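Peer 1: Structural data only, the sequence is not supplied:
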């Protein structure tokens, strides 16, 4: 679990001067001019000072086609994004979801988080969410990734989301390469309990759609008024929103997207399930196709239960959408999103796991918890088969599968070396073919030797 550090974030003194001033009070700033089809009541004013026109080298990149890696909490960190691009055919990748107040707190203490003194700490398996957000935006960054990255925010307050948007731009422009992400996204589709509790995601749309529109308008204003021209920044981030089908039907969903479009989004990702479905059942691609047909060709991206390349291509052909987005399918096996005609790579989990661990070693995630989550997903179908549940008894500790799964879920594994030895142990117990890089580890590996390796070295110290 993430420690919300709510007291810290609520009292932080945020020093961000580029926030949309009009979002703070409808009485101290002029209201925007009404636009046909625009939802009324937006508490966002058009600023008096129009930003200078873009210079020739400043532009918004064209939205790529293909398959996007979805935002996933502790699942779409830098190492996994690199993996999805290099070996999983991903054309655009999203960051893990970041809370608006955490991002604001990072920006208010940016000097500290940029310094060598900053060290992410884990206490009893919990991480301060502000520190985790700082690591994800500052340490977990690389130019080749940032230029193809969408940072996802969540929240329900237009003022805070404007501040958080400006904060994201300020943080990334302060990194060594000074490059802004290719986009910023607002989570309007999360169906989880945390979203219900804090009133964001799909619950914000259902309970207060007009505020959701206000949030988008404020974020758009923050992007438009960020002084890229002063910092010689060449790329202008796109603004997007990720939503779900509304419970009242496809046409209500289309009408809501039109309001998002008027408020300033550059494109919308539609998860073709409803909030109450969560991640269960088949996606409603018929509704997805109707939504695609109602908007310009590059405006709608579809998401929902795409397990491999063939699924993705089928949906793109059926709905004529510009691109699709995948989440848990990537977590299970990123190699499945490469065209079968273009690869001969094995789909066995030991190869998939070693490929991820090599990148996690080059680009260390914020904590071992990230690596553990990926390994659990990669070995899920083998260690805990869902297709034949009768073959798996979670309490049968005479089964090597149960022993290995229990071991993976414990806190015994914290370092890259230990996770690599875990893969070797899987190879040994399952009697499968080992990847060449761990072949020499298989013969002598045991549960005890994996534990012992943890005593020699914890996961990069910062990741423990």
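Peer 2: On my side now, so go ahead. Note that the coordinates shown come from a computational prediction; the quantities given were computed from them, not determined experimentally. Residues are numbered from 1 along each chain as shown.
Peer 1: Secondary structure element for residue 152, which one?
Peer 2: strand 149-154 (DSSP states H and E).
Peer 1: Show the secondary-structure elements that the helix or strand just after that strand is packed against.
Peer 2: Remark: after strand 149-154, the chain's next helix or strand is helix 158-174, criterion DSSP H and E. Packing partners of helix 158-174 (3 or more C-beta pairs under 8 Å, 6 or more residues apart in numbering; DSSP states H and E): helix 100-108, helix 110-114, strand 149-154, strand 183-188, helix 209-224. For every residue, glycine as well, the C-beta is placed using N, CA and C.
Peer 1: what about helix 158-174, distance to the chain center?
Peer 2: Relative to the centre of its chain, helix 158-174 is centred 17 Å away, using C-alpha atoms, centre = their mean, to the nearest Å.
Peer 1: What residues of it count as buried?
Peer 2: 158-174 (16 or more other C-beta atoms under 10 Å).
Peer 1: do the same with stretch 248-263
Peer 2: Neighbour counts over stretch 248-263 (16+ other C-beta under 10 Å) mark 250, 253-254, 256-257, 259-263 as buried.
Peer 1: Could you pull up the mean pLDDT of it?
Peer 2: Stretch 248-263 carries an average pLDDT of 95.
Peer 1: Please apply the same query to stretch 442-452.
Peer 2: Rounded mean pLDDT across stretch 442-452 is 95.
Peer 1: Surely residue 384 and residue 408 touch.
Peer 2: No. In this structure residue 384 lies outside contact range of residue 408 using C-beta atoms under 8 Å: 10.2 Å.
Peer 1: These two: who's more crowded?
Peer 2: With neighbours defined as other C-beta atoms under 10 Å, residue 384 and residue 408 compare such that residue 408 has more, 20 against 14.
Peer 1: Please settle this for me: is that one part of a strand?
Peer 2: No. Counting by DSSP: H, G, I helix; E, B strand; the rest coil, residue 408 is located in no strand; its state is helix.
Peer 1: Any chance of the backbone angles for residue 437?
Peer 2: Per-residue torsions, residue 437: phi -70, psi -20 (degrees, to the nearest 10).
Peer 1: and it, what does it touch?
Peer 2: 354, 358 (C-beta atoms under 8 Å, 6 or more residues apart in numbering).
Peer 1: If we use 7 Å, what do you get?
Peer 2: residue 354 (C-beta atoms under 7 Å, 6 or more residues apart in numbering).
Peer 1: and what of residue 362?
Peer 2: With C-beta under 7 Å, 6+ apart, residue 362 has no contacts at all.
Peer 1: Now do the SS call for residue 93.
Peer 2: Three-state call for residue 93 (three-state DSSP): strand.
Peer 1: what's the spacing between the closest residue to residue 295 other than its chain neighbours and residue 369?
Peer 2: Closest residue to residue 295 apart from its sequence neighbours, by C-beta to C-beta, 6 or more residues apart in numbering: residue 257 at 6.9 Å. Distance of residue 257 to residue 369, given as C-beta to C-beta, to the nearest Å: 35 Å.
Peer 1: if I look at residue 231, how far off is residue 424?
Peer 2: According to C-beta to C-beta, residue 231 stands 48 Å off from residue 424.
Peer 1: By mean pLDDT, which helix or strand of the chain comes out lowest?
Peer 2: When each helix and strand of the chain is scored by mean pLDDT, DSSP states H and E, helix 6-11 comes last, with a mean of 36.
Peer 1: Now the element after it, going C-ward?
Peer 2: Counting by DSSP H and E, the next helix or strand C-terminal to helix 6-11 is strand 66-69.
Peer 1: What strand or helix carries the residue nearest the centre of the chain?
Peer 2: Centroid check for the chain by C-alpha atoms, centre = their mean gives residue 71 as the closest residue, at 2.2 Å. Using DSSP H and E, residue 71 sits in no helix or strand.
Peer 1: Can you tell me which of the buried residues of stretch 248-263 is nearest residue 224?
Peer 2: The shortest approach to residue 224 among the buried residues of stretch 248-263 belongs to residue 263, at 12.2 Å (C-beta to C-beta).
Peer 1: If I follow the layout properly, that closest one ends up in contact with residue 215?
Peer 2: No. Using C-beta atoms under 7 Å, residue 263 is not in contact with residue 215, being 8.5 Å away.
Peer 1: hmm, back to that, got the angle between the strand holding residue 152 and helix 100-108?
Peer 2: Orientation check (axes from the mean of the first three to the mean of the last three C-alpha atoms, to 10 degrees): strand 149-154 against helix 100-108 gives 120 degrees.
Peer 1: Walk me through which strands strand 149-154 pairs with, and which way each runs.
Peer 2: Partners of strand 149-154 in the sheet, by DSSP bridges, are strand 90-94 (parallel), strand 98-99 (parallel), strand 183-188 (parallel).
Peer 1: How far away from the center of its chain is it?
Peer 2: On C-alpha atoms, centre = their mean, the centre of strand 149-154 falls 7 Å from that of its chain.
Peer 1: Show the average pLDDT along that strand.
Peer 2: Averaging pLDDT along strand 149-154 yields 98.
Peer 1: residues in contact with that strand?
Peer 2: Contacts for strand 149-154 (C-beta under 7 Å, 6+ apart): 71, 92-95, 97-100, 103, 161, 164, 168, 181-187, 190, 200-201, 240.
Peer 1: ok, and for stretch 437-456, which residues are buried?
Peer 2: Buried residues in stretch 437-456, counted by 16+ other C-beta under 10 Å: 438, 441-442, 445, 450, 453-454.
Peer 1: what's the answer for stretch 75-91, then?
Peer 2: 75-85, 87-90.
Peer 1: Tell me the one of those residues nearest residue 307?
Peer 2: Among the buried residues of stretch 75-91, and counting by C-beta to C-beta, the member closest to residue 307 is residue 88, at 12.7 Å.
Peer 1: ok, for that closest one, nearest residue in space, not its chain neighbours?
Peer 2: Counting by C-beta to C-beta, 6+ apart, residue 88 lies nearest to residue 334, which is 3.3 Å off, once chain neighbours are set aside.
Peer 1: pretty sure residue 315 contacts residue 302?
Peer 2: Yes. Shown here, residue 315 and residue 302 form a contact pair, counting by C-beta under 7 Å, at 6.1 Å.
Peer 1: Among these two, which residue is more densely surrounded?
Peer 2: residue 302 (28 against 22).
Peer 1: May I have the phi/psi pair for the more buried one?
Peer 2: As for residue 302, its main-chain torsions (degrees, to the nearest 10) stand at phi -110, psi 150.
Peer 1: Show me the shaky parts of the protein.
Peer 2: 1-60, 229-230, 386-395, 397, 456-464 (pLDDT under 70).
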